[in-house]
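Enquirer: Need a 3D model of the sequence below.
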Amino acid sequence: MQQQMSVITLGVADLTRSKRFYVDGFGWTPVFENEEIAFYQMNGFVLGTWLKPALEADMQRGGLASPGAFALAHNVATQAAVQPLIDRLANAGGRVLRAADAPAHGGFRGYVADPDDHAWEIAWNPAWPIDAQGHVTFGN
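Expert: Numbers count the residues shown, from 1 in each chain. From the prediction side, this is the model:
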């Protein structure tokens, strides 16, 4: 079976507030949006931000918890790009969870929570190259 992911959907409380983080913070542009959801075309999959009650109704599963036991990651091409992106995300409604620093395993990273408390690692790892399409390769 092919190892792939098609869509990650995050439940959000306020779509306008969420879009400020993803559009103004990351600089991403929705490829589709309505009053309940915004989709962002990523490199190989789609990220959705969907009002939590609508996501729960679609799943037929209530009580979705936030934050969850996961972290999303956005790798950047240089160590110098980590802190400015963390700052931009914080200015767009995010909350810094961990200041950028160098972990024992190498690279440079920090963590920011989006307005709905979804954790994002902003990272540079010299062993994980990023190609022209933005694809990261594990441990090259």
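Enquirer: Relative to V136, how far out is P53?
Expert: 33 Å (Cβ to Cβ, to the nearest Å). For every residue, glycine as well, the C-beta is placed using N, CA and C.
Enquirer: In this structure G134 contacts Q41, no?
Expert: No. Counting by Cβ atoms under 8 Å, G134 stays clear of Q41, with 11.1 Å between them.
Enquirer: for this protein, what spans make up the strands?
Expert: For the chain, the strands defined by DSSP state E occupy 7-12, 30-33, 37-41, 46-51, 72-75, 95-101, 108-113, 119-124.
Enquirer: distance between the ends of stretch 17-26?
Expert: Between the opening and closing residues of stretch 17-26 lies a distance of 14 Å (Cα to Cα, to the nearest Å).
Enquirer: and if you look at stretch 36-49?
Expert: Per Cα to Cα, the first residue of stretch 36-49 is 8 Å away from its last.
Enquirer: sorry, back to before: now list whatever residues contact both of G134 and Q41.
Expert: Counting by Cβ atoms under 8 Å, 6 or more residues apart in numbering, no residue touches both G134 and Q41.
Enquirer: Please identify which of the strands of the chain is closest to K19.
Expert: Counting by Cβ to Cβ, K19 lies closest to strand 37-41 out of the strands of the chain; the figure is 5.7 Å.
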